[in-house]
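>>> Structure of the sequence below:
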Amino acid sequence: MTDAPVRLTSLDAFRGFTIAAMVLVNNPGDWGHLYPQLAHAKWHGWTFTDTIFPFFLFIGGVAMALSLGRLAAAGADKPRLLRKLAVRAAIIFLIGFLLNLIPRFDLGTVRIPGVLQRIALCTLLAAPLVVYLRWRGQAAAIVLLLAVYSALQLLVPVPGIGAGVLEPGQDFGAYLDRMLLGGHLWVQAKTWDPEGLLSTLPALCTQLCGVLAGRLLLSALPRIEQVVWLLLAGLACLALGSTLDALLMPINKSLWTPSYCLLMSGWALLAFGAAYWLLDANPHAALRERAAAWSKPFLIYGMNALFIFAFSGFVAKMLGFIKLDQLDGSQRSLGRSLYAPIEALPLDPVDTSLLYAIAFNACMFAIAWCMWRKRWFVKV
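Purely as a prediction, here's the structure:
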């Protein structure tokens, strides 16, 4: 192990870029008018938007290796570390669950899965693998989990449908969710959930890919060599993901197929490798300083990523829930009222929709900047 600092500028900046991208794609002015890359792929395939969630999990894995893995290797009390991570995972899960409850607080129909809930489950499941296994064991766990997931999806028949059907609501994962979660699934589908239980297994593999990247950063290799290995690993994952897309299961974010897991891990490795070289490993101090200057907004965002994630989701829900009376006697949501002046601009609808998303993002950044100036960092 090296004595490299646990906190990396590149990791915070990468986290900040990811949270900024999440706020952008989650808050358009009009969901009916989006640039294709700012919407999820309808089913198979992928867009820029489909990179965001796996980037969060990958970043979480790198952070776990730099903190939890480092402490475990130094001889820290491993059961105590696991208890601490379990508490953290429980808090993250509860935050996500509360966001799903707002604004109606209907426990009978509330969606149980969600983005934060999946992050919590992956954190909980990854913790013992980080604490007790070396890198070979963690790599073997990725292979085993992807194999188990593939076998269940392709070989186990769904009653009335059959085995290996990977259409919305017809795969084995969707059947399992209906059996265990009943009426607590994604309201827009009701028969399946993009953050379902079975697809959490390959999502965990995405986080473990981040763990392996973090372990590389703690190795004795010079930083420039670490960058090379990150980039090579990224290219290898892209190749493997593309191969599995053709031979095993198509790239699909909602199912988190092995091809999607590896392809997104590849993009995460390439993006993080580039950020790591620019902000931490670059031997030229002047270039590092210039890179740090333009990445400062992302760094500010990344220092309070969980808070901005939750707060932006809460604000978006309130904008849709609060109704304002109009002059004609009708009602309009506060969000639509705020969007109306932008929508009236002489621009294409996809551009006004994007402009609203940028304005929303600017407001969230202003909050993150104020918190950063006051040194308020919300941690779980």
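>>> which secondary structure element contains the residue nearest the centre of the chain?
In the chain, the residue lying closest to the centroid (CA atoms, centre = their mean) is F53, at 2.4 Å. Using DSSP states H and E, F53 sits in helix 52-64.
>>> Could you do G160 as well?
Per DSSP H and E, there is no helix or strand for G160.
>>> got the buried residues for the least confident helix or strand in the chain by mean pLDDT?
Sorting the helices and strands of the chain by mean pLDDT, DSSP states H and E puts helix 70-73 at the bottom, at a mean of 75. Within helix 70-73, the residues that count as buried by 16 or more other CB atoms under 10 Å are R70, L71, A72. Placement of C-beta: from N, CA and C, glycine included.
>>> Tell me the gap between that helix and the middle of its chain.
Relative to its chain's centre, helix 70-73 lies at 25 Å (CA atoms, centre = their mean, to the nearest Å).
>>> Extract the CA atoms of it and return them as CSV.
Once non-C-alpha atoms are left out, helix 70-73 reads as follows in CSV (Å, rounded to 0.1, in the frame of the first residue of the first chain):
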residue,chain,number,x,y,z
ARG,A,70,-7.5,0.8,3.5
LEU,A,71,-8.6,0.6,7.1
ALA,A,72,-9.2,-3.1,6.9
ALA,A,73,-5.8,-3.7,5.4
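>>> Tell me which other helices or strands it touches.
Here helix 70-73 touches helix 78-101, helix 115-132, going by 3 or more CB pairs under 8 Å, 6 or more residues apart in numbering; DSSP states H and E.
>>> and after the last one, which helix or strand comes next?
Read it as helix 115-132. Following helix 115-132 toward the C-terminus (DSSP H and E): helix 135-155.
>>> Buried residues, that following helix. List them.
Q138, A139, A141, I142, L145, L146, Y149, S150, L152, Q153.
>>> OK, contacts around the second one?
Looking back up the chat, that one is A139. Counting by CB atoms under 8 Å, 6 or more residues apart in numbering, A139 touches L212.
>>> Against L212, how distant is it?
Note on A139: its distance to L212, by CB to CB, to the nearest Å, is 6 Å.
>>> Can you add mean neighbour count and give the helices and strands packed on helix 70-73 back as JSON lines?
Compiled in JSON lines, the helices and strands packed on helix 70-73 are given as follows (neighbours: other CB atoms under 10 Å):
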{"stretch": "helix 78-101", "mean neighbour count": "16"}
{"stretch": "helix 115-132", "mean neighbour count": "21"}
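>>> Low-confidence stretches in the stretch 201-350 of the chain?
327, 329 (pLDDT under 70).
>>> Tell me where it has strands.
Assigned strands in the stretch 201-350 of the chain, in chain order: 323-325, 331-333 (criterion: DSSP state E, counting those that start in this stretch).
>>> could the helices and strands packed on helix 70-73 be laid out in JSON lines, adding mean pLDDT and distance to S312?
Below are those laid out as JSON lines (pLDDT from 0 to 100; distance: least, CB to CB, whole Å):
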{"stretch": "helix 78-101", "mean pLDDT": "92", "distance to S312": "10"}
{"stretch": "helix 115-132", "mean pLDDT": "94", "distance to S312": "12"}
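>>> closest to I308 out of the strands of the stretch 201-350 of the chain?
Across those, I308 has its closest neighbour in strand 331-333 (22.2 Å, CB to CB).
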